[in-house]
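Q: return a 3D structure for these sequence lines:
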Amino acid sequence: MDVEAKRKFSPSIVDILPPDVLANILSCVARSSPADLFRRKLSCKTLRLIAEEKGVVQQIHLPWVKARMSGISRNKANRFWKKCVQNEHPEALLEYGLLVNDGLTTLVRATELHNSMADYVLSLIYIYTGQEESGVSLLEKTINRIGSGGIV
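A: Predicted coordinates for the structure are as follows:
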């Protein structure tokens, strides 16, 4: 029996599981080991497509990726970063919001996605720019959500 005929009789786990289950699995992989996520993307077209969905990209552990980006080309790093921003990764939105002229809009979006650091930065911006009521309100919500020990 040749390889092609054998494959027709034994479907892979990717063929059996529904796409939403695969997306959930890949989201967990993205949080714990981005390297494994990138390797899974190389294994088949279906996993590549699912790994590039918004819900999966939002879960990628960016500090791990950023620590290892020095070895790849700047062009690839910029494309990856843009993909994270386009898919509304909360940490990417926070950093992007701090770097661009229209960053306030991006910080607000990161806050809507419950990024505590974005909440904190945005509340300080509001307080500093005279919107004290909004800033204090956002800061109180943030402290209530993460606890006062979460802000250093």
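Q: report the secondary structure state of Gln59.
A: On the three-state scheme (DSSP: H, G, I helix; E, B strand; the rest coil), Gln59 is labelled coil.
Q: I figured it hits Ser33, correct?
A: No. Gln59 is beyond contact range of Ser33, at 11.4 Å (criterion: C-beta atoms under 8 Å). C-beta: built from backbone N, CA, C; applies to glycine.
Q: quick check, central residue of the protein?
A: For the chain, Gln58 is the residue whose C-alpha lies nearest the centre (C-alpha atoms, centre = their mean; 2.6 Å).
Q: thinking again about what came up before, so between Gln59 and Ser33, which is more surrounded?
A: Gln59 (22 against 14; other C-beta atoms under 10 Å).
Q: ok so, going back, got the phi/psi numbers for the residue nearest to the centre of the chain?
A: Main-chain dihedrals, Gln58, degrees, to the nearest 10: phi -60, psi -20.
Q: quick one: contacts for it?
A: By C-beta atoms under 8 Å, 6 or more residues apart in numbering, the contact list for Gln58 reads Asn87, Glu88, His89, Pro90, Leu113.
Q: ok, the residue lying closest to the first one once chain neighbours are set aside to Ala92 distance?
A: Looking back up the chat, that one is Asn87. Distances taken as C-beta to C-beta, 6 or more residues apart in numbering place Val57 nearest to Asn87, at 3.9 Å, with adjacent residues excluded. Per C-beta to C-beta, to the nearest Å, Val57 is found 9 Å from Ala92.
Q: overlap of the contact sets of the two?
A: Joint contacts of Val57 and Ala92 (C-beta under 8 Å, 6+ apart) are Cys84.
Q: how about low-confidence regions in this protein?
A: Low-confidence segments of the chain (pLDDT under 70): 1-9, 69-72, 98-102, 148-152.
Q: show me what the helix or strand containing Thr46 is packed against.
A: Using DSSP states H and E, Thr46 maps to helix 45-51. Using 3 or more C-beta pairs under 8 Å, 6 or more residues apart in numbering; DSSP states H and E as the contact test, the elements touching helix 45-51 are helix 13-16, helix 19-32, helix 34-43.
Q: can you add mean neighbour count and distance to Val65 and give these back as CSV?
A: Shown next, in CSV, are those (neighbours: other C-beta atoms under 10 Å; distance: least, C-beta to C-beta, whole Å):
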stretch, mean neighbour count, distance to Val65
helix 13-16, 11, 24
helix 19-32, 17, 10
helix 34-43, 15, 5
